[in-house]
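**Q** Pasting the sequence and the predicted coordinates here, then a few questions.
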Amino acid sequence: MSEGLRVEVRDRVGYVTIDRPERRNALGAEVMAGLVEAFVRFDADDDVWAVLVTGAGDQAFSAGRDLKELAGQDAAGGPPPSPMRQPLRNPFEVVLECRKPTVAALNGAAMGGGLELAMACDVRIAADHARLALPEALRGMGANFGSVVLPRLVPLGIAYDMLYTGRTVSAQEAERWGLVNRVVPAAELADTAEGYVRTLLANAPLTIRRYKAVIQAGLHQSPAAALRLDVRPDPYSSEDRVEGVRAFAEKRAPRWRGR
């Protein structure tokens, strides 16, 4: 789709690999535009039931915004990289709003925008050597997405600490605070992430999509208000619900159709 980004769909899974290992998978403008395009397509494609995001190599998931590219733009007198004011949609927002379950496999460092991309995903699985940080305070940047989402994922004091200091945390510390869901040896990361995604595909896709929609719409509402949300898709009236009940009665695996 774009230089530095590999995108493919196999067996109902959308695979996205940031492929700039020589730049520690930094997020250049072309890569970020490609992420927007890919996730817009995944969101609209009923044949995509889950998405897996990772980086090339074993050193970095993504080092974040390509600061060398940004420095060149500054030198040329380009506009400042103000969040939510660019001609293209913010890629982290697009990933966050994707209706399909999204999984990030952190194969190395997730820094700045790289961590923001990981936080935009629903589930994060990290190699044991991965390191995570929002170092924007060290570079005069803003971590706009991270400053909104991080306090929703970890205790407030931890969010303040990471944002204020820009410090790097280990995968193990990130797991302790719930910033990553699981830490595995680096050699097992690809298989673990693939196995996790395949576990999702074994479940009813409309139910999973509804779970995501309910969580996102109801997270900050009262239970009474959240319970009354008319969230779609509706698995209760779906063919898959009938199939799931029939499969249970017939003692066989269900054959989901996503409708």
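**A** Here it is on my side, so go on. Numbers count the residues shown, from 1 in each chain.

**Q** so how far is Ala50 from the residue nearest to Asp11 when sequence neighbours are not counted?
**A** Excluding the flanking residues, the one nearest Asp11 by Cβ to Cβ, 6 or more residues apart in numbering is Leu201, at 7.7 Å. C-betas here are computed from N, CA, C, even on glycine. Between Leu201 and Ala50 the computed distance is 6 Å (Cβ to Cβ, to the nearest Å).

**Q** same deal with Leu229?
**A** Going from Leu229 to Ala50 by Cβ to Cβ gives 23 Å.

**Q** So between the two, which is more surrounded?
**A** Ala50 (25 against 12; other Cβ atoms under 10 Å).

**Q** per-residue confidence for the more buried one?
**A** pLDDT for Ala50: 98.

**Q** In this structure, where's the longest helix?
**A** Across the chain, the longest stretch assigned as helix under DSSP state H is helix 29-44.

**Q** contacting residues for Val9?
**A** For Val9, the contacting residues are 15, 45, 47-48, by Cβ atoms under 8 Å, 6 or more residues apart in numbering.

**Q** Can you give me the distance of Thr17 to Glu116?
**A** Thr17 is 18 Å from Glu116, by Cβ to Cβ.

**Q** Give me the angle between the one helix or strand in the chain whose mean pLDDT sits lowest and helix 29-44.
**A** One helix or strand of the chain scores below all others by mean pLDDT, DSSP states H and E: helix 67-75, with a mean of 71. Relative orientation of helix 67-75 versus helix 29-44 (axes from the mean of the first three to the mean of the last three Cα atoms, to 10 degrees): 110 degrees.

**Q** helices or strands up against the longest helix of the chain?
**A** Counting contacts by 3 or more Cβ pairs under 8 Å, 6 or more residues apart in numbering; DSSP states H and E, helix 29-44 is packed against strand 5-10, strand 13-18, helix 91-97.

**Q** quick one, which of those is nearest to Phe39?
**A** With distances scored as Cβ to Cβ, the stretch of those nearest to Phe39 is helix 91-97 (4.7 Å).

**Q** got the buried residues for the closest one?
**A** The neighbour-count criterion (16 or more other Cβ atoms under 10 Å) identifies 91-96 as the buried residues of helix 91-97.
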